[in-house]
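Engineer: Just a sequence and a predicted model for now, questions to come.
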Amino acid sequence: MERERTSRRGFVALAGTTAGAALAGCTGGGGGTDPGEVEEEPADGGETREIEGANVFIEVVDGNEVAVPGATVTVDGGTYDDEEFETDPEGTVVLQGVEPGEYTVTASNDEGEDEAAFSIEAGEDREISLELPAEPEDEPDEIGNG
C-alpha cells in the first residue's frame, strides 16, 4: 500500500478534477473510483495510479485558530510507527491510503503539544484538528518615567 503526503489544497484540487472527469465520463472503465480511492495523474503524462484506503486531513492551529506551519505531526497506528510529518504553510498534513484501524496523532512545536486518538474504516475520510498554544507575544520594553 502506498502512502503520500500532499497539501489539503492539492488534494481538493485533485479530488475536484477526478470528480469532474467522472461526471464527464472521461475516466474510462465505468468512470470514477471506489470510495477512499483517488485517481492521480502523474505530471509526466505516465499511467494513472489509484491510491486506495482512507484519507486523513490533519489541521494544526494555535489558540487563536491560526494555522501552525512547520509543526511536527507524529502518526502511530496501522502501518505508521511513530512516523513524523511537518505541517505545510496552511498548517496541514494529508495522509492518503490510510488502512483501517486505530490511530494516534500528536502535533508538537516549541510551545507545546496536542494529541488525538481515532479509528478509521475503509474508504472513510477523517478530519482531525489539533491545537497548540499560541506563541507568546513579545513583551514591550519597560521605559522608566522619571
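Structural biologist: Okay, I see it.
Engineer: so how many other residues sit close to the residue nearest to Asp125 when sequence neighbours are not counted?
Structural biologist: Among residues not flanking Asp125 along the chain, Asn55 sits closest, at 4.6 Å (Cβ to Cβ, 6 or more residues apart in numbering). Placement of C-beta: from N, CA and C, glycine included. Other residues lying near Asn55 total 23 when counted by other Cβ atoms under 10 Å.
Engineer: Glu65 too?
Structural biologist: Quick note: Glu65 (other Cβ under 10 Å) scores 9 neighbours.
Engineer: what about it, helix or strand, and which?
Structural biologist: Taking DSSP states H and E as the definition, Glu65 sits outside all helices and strands.
Engineer: how about low-confidence regions in the protein?
Structural biologist: The chain contains residues with pLDDT under 70 at 1-51, 138-146.
Engineer: Now name the helix or strand holding the residue nearest to Asp125.
Structural biologist: strand 54-62.
Engineer: Just the CA coordinates for that strand, please, in CSV.
Structural biologist: Provided in CSV are the C-alpha atoms of strand 54-62 (Å, rounded to 0.1, in the frame of the first residue of the first chain):
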residue,chain,number,x,y,z
ALA,A,54,-8.9,6.3,3.6
ASN,A,55,-7.7,9.9,3.7
VAL,A,56,-6.8,11.7,6.9
PHE,A,57,-6.7,15.5,6.9
ILE,A,58,-4.8,16.8,9.9
GLU,A,59,-5.0,20.5,10.7
VAL,A,60,-2.8,22.2,13.3
VAL,A,61,-3.9,25.6,14.7
ASP,A,62,-2.9,27.7,17.6
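Engineer: so the residue nearest to Asp125 makes contact with Ile128?
Structural biologist: No - the criterion here is Cβ atoms under 8 Å, and Asn55 misses it with Ile128 at 11.3 Å.
Engineer: Kindly provide the distance from the residue nearest to Asp125 to Glu124.
Structural biologist: 9 Å (Cβ to Cβ, to the nearest Å).
Engineer: swap in Thr72?
Structural biologist: On the measure of Cβ to Cβ, Thr72 and Glu124 end up 25 Å apart.
Engineer: Sweet, I'm off.
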